[in-house]
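[1] Sharing a model that was predicted from the sequence below.
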Amino acid sequence: MTEAVEYDVVVLGGGPAGENIVDRTRAAGLSTALVESELVGGECSYWACIPSKALLRPALARADARRVPGLADAVRGPLDAEAVFAHRDYWTGNWKDDGQVDWLDSIGAHLYRGHGRLYGIRKVAVTSPEGVHHVLSARHAVVVATGSRAVLPDLPGLAGAGAWTSREATSAREVPGRLLIVGGSVVAAEMATAWQALGSQVTVLVRGSGLLPRMEPFAGELVAEALTGAGAVVRTGVAVEAVVRDGPTGPVTVVLEGGEMLEGDELLMATGRAPRTEDIGLDTVGLTPGDWIGVDESCRVTGHDWLYAVGDVNHRALLTHQGKYQARIAGAAIAARAAGPGAPAPDTGRWGAHAATADTEALPQAVFTEPEAAAVGPTLAEAERAGHRVRAVDFDLGKVSGAGLYADGYRGRARMVVDLDRQVLLGATFVGPGAAELLHAATVAVAGEVPIDRLWHAVPAFPTISEVWLRLLEAYRG
Ligand SMILES: Cc1cc2nc3c(=O)[nH]c(=O)nc-3n(C[C@H](O)[C@H](O)[C@H](O)COP(=O)(O)OP(=O)(O)OC[C@H]3O[C@@H](n4cnc5c(N)ncnc54)[C@H](O)[C@@H]3O)c2cc1C
Ligand SMILES: NC(=O)c1ccc[n+]([C@@H]2O[C@H](COP(=O)([O-])OP(=O)(O)OC[C@H]3O[C@@H](n4cnc5c(N)ncnc54)[C@H](O)[C@@H]3O)[C@@H](O)[C@H]2O)c1
């Protein structure tokens with residue numbers, strides 16, 4: 001090992017969360033090093049949000065256009081898969097991170113390429129791809145932002161069967177004839193939408209009772225209905241017991257509980273995420289390798305005043321925008337604590353500048369299925385389980401003029417969940433074409449705890465789909 005190089009802050013992992021910690025700590029005048037073992041930009045830029053949305057946008061635009069009179073006939077044909085893949089490749093920078101590296105240079109952050117591991121208190125050891133070792137030491141903070149990876153269940157025959165995870169599903173260059181998808185949550189639903197539109201015959205095998213289980217039940221119902229309408233098969237309540245494939249390519253068979261067999265050309269396992277913490281030296285600081293890393297409201301690791309964890313790895317919210325938010329909060333907290341005892345103490349109270357309160361109180365998610373599903377805050381069932389006295393109000397989005405003008409036969413639904421004691425919005429869900437863009441207004445209302453009586457004065461423009469807010473409030477006020 002060489003002598004330690006000292007920085008104020010050392011960040012382990014350069015996905016969206018790690019990049020934002022670098023940005024915030026550099027903005028605060030701290031010296032910062034970033035350690036990245038693959039590509040700066042992380043899972044989101046190359047194998048998750050960006051490529052998946054680049055694959056989905058043509059699918060959703062075509063679905064919308066097919067419902068617009070005068071245009072529908074012009075878009076009857078298949079998607080040009082090669083052009084869609086080229087669009088996806090452009091958005092991933094062809095899996096090169098030059099742009100992000102230039103940005104790191106421009107803000108004066110130092111990049112170490114290689115595998116990083118905690119190396120005791122305030123230290124990180126890096127092994128470069130060429131086998132060169134560096135030790136970095138941090139005056140103020142080490143931030144773990146190593147993200148998550150796809151997890152595969154322990155099914156007979158799955159290992160070695162060349163099953164796709166989200167990485168292959170977002171980077172594939174050929175359209176499989178028949179695509180089997182195991183799982184029913186966000187990755188399964190989005191990838192089913194994309195690949196069915198690209199020309200695969202998709203079969204989704206859902207263990208539970210429906211798609212998108214963390215959203216209001218009508219979200220999964222409307223998405224399943226649209227997928228079925230597009231020719232996909234969605235089966236619920238089915239358990240996969242084994243996988244059979246002679247080698248990593250060729251037809252693949254899944255064996256369901258009860259013995260039924262289904263054959264496909266590719267198999268996507270969309271069965272959740274695990275933290276990338278097995279080999280990052282957690283044991284050198286008394287933590288357990290392979291575990292998610294528990295943090296407080298400022299994203300500081302319990303019991304370690306110099307160690308932070310942001311993004312997927314802390315398991316608070318596995319979403320890019322939320323990891324970036326945590327990084328803004330933790331970056332500010334690091335800077336505040338680095339300022340020393342004479343400086344104002346960090347504000348870690350609810351909604352304080354150094355507390356990631358929105359992770360629990362106003363968490364938004366937009367799912368880019370056909371139709372889109374977007375939600376913030378708890379569902380009705382979650383709010384009730386949490387002990388709130390609530391009332392849910394629903395409205396058929398198709399009855400809003402703006403929605404009818406957006407697309408013929410618009411199908412969608414909205415729900416708001418109102419806290420009856422505080423008379424504020426706790427949560428909202430919108431499902432329908434274009435619904436993702438309705439979400440931020442609801443996030444502002446939830447995070448701002450805007451009284452329902454004041455929302456009545458927030459007049460939606462006519463004729464936008466946002467007029468659903470007026471309909472929901474009218475229904476609530478009776
Ligand atoms: C298919 C798919 C689609 C998604 N779509 C969306 C979406 O539309 N919107 C959304 O908000 N979220 C989406 N997500 C979730 C989103 O991708 C993650 O929440 C986000 O990437 C987490 O960011 P992160 O910085 O915590 O981790 P990551 O993006 O996983 O980045 C972690 C980085 O750390 C590096 N690293 C790991 N270990 C080490 C080590 N030991 N040494 C050095 N470097 C290391 C990795 O190489 C990686 O670059 C999607 C996820 C999937 C799978
Ligand atoms: N647009 C977006 O915001 C977006 C898009 C994609 C992913 N993401 C995020 O990425 C994360 C990962 O998504 P995901 O869908 O991979 O994981 P997930 O954890 O949301 O869902 C995994 C699903 O797989 C099922 N499952 C697990 N083991 C199974 C088995 N053996 N057989 C059948 N089903 C099984 C689970 O019941 C669960 O419903 C999520 O947190 C999600 O929010 C976000």
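    Okay, I see it. Ligands and ions are numbered 1, 2, ... in the order given.
[2] can you map out the strands along the stretch 1-150 of the chain?
    Here the stretch 1-150 of the chain has its strands, by DSSP state E, counting those that start in this stretch, at 5-12, 32-36, 110-113, 115-118, 123-127, 133-144, 148-150.
[3] Just give me the neighbour total for residue 231.
    Each residue near residue 231 was counted by other CB atoms under 10 Å, and the total is 11. Any C-beta I mention is one placed from the backbone N, CA and C, and that applies to glycine too.
[4] OK, contacts around it?
    Contact analysis of residue 231 by CB atoms under 8 Å, 6 or more residues apart in numbering lists 196, 201.
[5] Can you classify it by secondary structure?
    Here residue 231 takes the coil state, with states given by DSSP: H, G, I helix; E, B strand; the rest coil.
[6] list the contacts for the closest residue to residue 470 other than its chain neighbours?
    Using CB to CB, 6 or more residues apart in numbering and skipping the chain neighbours, the partner closest in space to residue 470 is residue 460 (5.6 Å). Residues in contact with residue 460 (CB under 8 Å, 6+ apart) are 466, 467, 468, 469, 470.
[7] The same query, at a cut-off of 10 Å, please.
    Going by CB atoms under 10 Å, 6 or more residues apart in numbering, residue 460 touches 400, 402, 438, 441, 466, 467, 468, 469, 470, 471, 473.
[8] how about these in CSV, adding neighbour count?
    Shown next, in CSV, are the contacts of residue 460 (neighbours: other CB atoms under 10 Å):
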residue, neighbour count
400, 25
402, 18
438, 25
441, 17
466, 19
467, 20
468, 26
469, 26
470, 17
471, 18
473, 20
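[9] And the residues you listed, which is closest to ligand 2?
    residue 438 (15.0 Å; CB to the nearest ligand atom).
[10] what's the spacing between the closest one and residue 8?
    Note on residue 438: its distance to residue 8, by CB to CB, to the nearest Å, is 41 Å.
[11] before we move on, which element is the residue nearest to residue 343 when sequence neighbours are not counted in?
    Spatial nearest neighbour of residue 343, excluding adjacent residues (CB to CB, 6+ apart): residue 336 at 6.6 Å. For residue 336, the host element (DSSP states H and E) is helix 320-338.
[12] hmm, that helix touching ligand 2?
    No - Helix 320-338 stays clear of ligand 2 (CB under 6 Å from any ligand atom), getting no nearer than 7.7 Å.
[13] Could I have the CA atoms of that helix written out in PDB?
    Output of helix 320-338 as PDB, limited to C-alpha atoms (Å, rounded to 0.1, in the frame of the first residue of the first chain):
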ATOM      1  CA  THR A 320     -32.600   8.000  -8.400                       C
ATOM      2  CA  HIS A 321     -34.300  11.300  -7.500                       C
ATOM      3  CA  GLN A 322     -34.500  10.300  -3.800                       C
ATOM      4  CA  GLY A 323     -30.800   9.200  -3.700                       C
ATOM      5  CA  LYS A 324     -29.900  12.600  -5.200                       C
ATOM      6  CA  TYR A 325     -32.000  14.300  -2.600                       C
ATOM      7  CA  GLN A 326     -30.300  12.300   0.200                       C
ATOM      8  CA  ALA A 327     -27.000  13.400  -1.300                       C
ATOM      9  CA  ARG A 328     -28.000  17.000  -1.200                       C
ATOM     10  CA  ILE A 329     -29.100  16.600   2.500                       C
ATOM     11  CA  ALA A 330     -26.100  14.600   3.500                       C
ATOM     12  CA  GLY A 331     -23.700  16.900   1.600                       C
ATOM     13  CA  ALA A 332     -25.100  19.900   3.500                       C
ATOM     14  CA  ALA A 333     -24.800  18.000   6.800                       C
ATOM     15  CA  ILE A 334     -21.200  17.100   6.100                       C
ATOM     16  CA  ALA A 335     -20.400  20.700   5.300                       C
ATOM     17  CA  ALA A 336     -22.200  21.900   8.400                       C
ATOM     18  CA  ARG A 337     -20.400  19.500  10.700                       C
ATOM     19  CA  ALA A 338     -17.100  20.200   9.000                       C
END
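[14] Identify the residues contacting the following helix or strand past it?
    Moving toward the C-terminus from helix 320-338, the next helix or strand (DSSP H and E) is helix 358-361. For helix 358-361, contacts defined as CB under 10 Å, 6+ apart pick out 295, 297, 299, 314, 316-317, 319, 321-323, 325-326, 329, 350-351, 364, 376-378, 426, 443, 446-447, 449.
[15] Output helix 358-361 in PDB with nothing but the alpha carbons.
    C-alpha atoms of helix 358-361 as PDB (Å, rounded to 0.1, in the frame of the first residue of the first chain):
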ATOM      1  CA  ALA A 358     -39.300  13.500   2.100                       C
ATOM      2  CA  ASP A 359     -38.000   9.900   2.100                       C
ATOM      3  CA  THR A 360     -40.800   9.100   4.500                       C
ATOM      4  CA  GLU A 361     -43.300  11.900   4.100                       C
END
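[16] Would you give the sheet partners of the next helix-or-strand element following it, along with the direction of each?
    For helix 358-361, the following helix or strand on the C-terminal side (DSSP H and E) is strand 364-367. When pairing is defined by DSSP bridges, strand 364-367 lines up against strand 372-376 (antiparallel).
[17] Can you give the distance from the very next helix or strand once past the strand it pairs with to the centre of its chain?
    Going down the chain from strand 372-376, the next helix or strand is helix 380-385, by DSSP H and E. Offset of helix 380-385 from its chain centre (CA atoms, centre = their mean, to the nearest Å): 22 Å.
[18] mean confidence for helix 380-385?
    On average, the pLDDT along helix 380-385 is 98.
[19] Who is the residue nearest to residue 367 when sequence neighbours are not counted paired with across the strands?
    Counting by CB to CB, 6+ apart, residue 367 lies nearest to residue 373, which is 4.4 Å off, once chain neighbours are set aside. Following DSSP bridges, residue 373 is listed with bridge partners residue 367, residue 431.
[20] contacting residues for residue 373?
    Per CB under 10 Å, 6+ apart, neighbours of residue 373: 186, 189-190, 211-212, 215-216, 218-220, 222-223, 365-367, 412-413, 429-432, 435-436, 439.
[21] List, out of those, those positioned next to ligand 2.
    Filtering those for proximity to ligand 2 by CB under 6 Å from any ligand atom leaves 186, 190, 365, 366, 367.
[22] ok, so of the residues you listed, who is nearest residue 283?
    Comparing the ones next to ligand 2 among the contacts of residue 373 against residue 283 with CB to CB places residue 186 closest, at 32.2 Å.
[23] List phi and psi for the closest one.
    phi -70, psi -50 (degrees, to the nearest 10).
[24] Quick check: it touching residue 56?
    No - using CB atoms under 10 Å, residue 186 makes no contact with residue 56, being 11.8 Å away.
[25] list the residues that contact both of the two?
    Joint contacts of residue 186 and residue 56 (CB under 10 Å, 6+ apart) are 367, 368, 369.
[26] Same list, those, but as a markdown table with neighbour count, pLDDT and distance to residue 149 please.
    A markdown table is the format used below for the shared contacts of residue 186 and residue 56 (neighbours: other CB atoms under 10 Å; pLDDT from 0 to 100; distance: CB to CB, whole Å):
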| residue | neighbour count | pLDDT | distance to residue 149 |
| --- | --- | --- | --- |
| 367 | 26 | 98 | 21 |
| 368 | 22 | 98 | 22 |
| 369 | 29 | 98 | 23 |
